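# I would like to see how this sequence folds:
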Amino acid sequence: MRALVVYESLFGNTHTVAEAVASGMAQARPDLDVRCLPVAKVAGAADTALGDVDLLVVGCPTHALGMSSVRSRAGQLAKDRAQNPERRHDPDAAGPGVRELMAVLPRRTPSLRAAAFDTRLASWFSGGAAGRIARGLRRAGAVVVGRPTGFIVEGMAGPLADGELERARAWGGELAAVLAADRPAGSELTGG
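Alright, predicted model coming up:
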């Protein structure tokens, strides 16, 4: 069985969460082939990249209450580079994002299970992208498992709040359990 964790990240926080989710999946299911890739490596070849994936996990940072766009990413990067020229950004930050991936996701049979996550500020007013990602995955024909989940960052550029990496690993383990033979497709997870 194969799982793919795909992420979009500007400051590295979502990237770090994606790696923790993948790690949790691999620890929970050593027989599971888990890969973790930036959207930039998947968006141009979605058919090939998703060809034999059993579980797709997609995540991105929250921008303007939801998923980022080309414009919001470019604006945030330009603003941050002007204010903090020494700050390092994720290597694929300027590339395509999850919104662009959703536009090219191949229509699949319901055999593909999928899950969604985001990184967000702790404020209820900051919104979240995970719900919109989940809707896009459903539109592509995937069975969304678990509740769309948000991981908390302490500021726009991070860092992640205490305990979030452990929570991401645990969530990854729960997602891997969905692929166990005794769990029905579409099993609900707590994830919240």
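
# where does the chain dip in pLDDT?
Within the chain, the stretches with pLDDT under 70 are 46-47, 108-110, 181-192.

# Okay, strands next: where are they in this structure?
With DSSP state E as the criterion, the chain has strands at 2-7, 33-38, 55-61, 113-121, 143-144, 149-153.

# could you dump those to TSV with mean neighbour count?
From N, CA and C alone the C-beta is placed, and that goes for glycine too. What follows is these, written out as TSV (neighbours: other C-beta atoms under 10 Å):
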stretch	mean neighbour count
strand 2-7	24
strand 33-38	18
strand 55-61	28
strand 113-121	27
strand 143-144	19
strand 149-153	24
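
# so who does A170 touch?
Going by C-beta atoms under 8 Å, 6 or more residues apart in numbering, A170 touches G24.

# wait, S72
H63, A64.

# ok, and the closest non-adjacent residue to the residue most central in space within the chain?
Centroid-nearest residue in the chain: G59, 1.5 Å away (criterion: C-alpha atoms, centre = their mean). Nearest residue to G59, sequence neighbours excluded (C-beta to C-beta, 6 or more residues apart in numbering): F117, at 4.0 Å.

# Would you confirm that the one you found contacts W171?
Yes. At 7.5 Å, F117 counts as touching W171 under the criterion of C-beta atoms under 8 Å.
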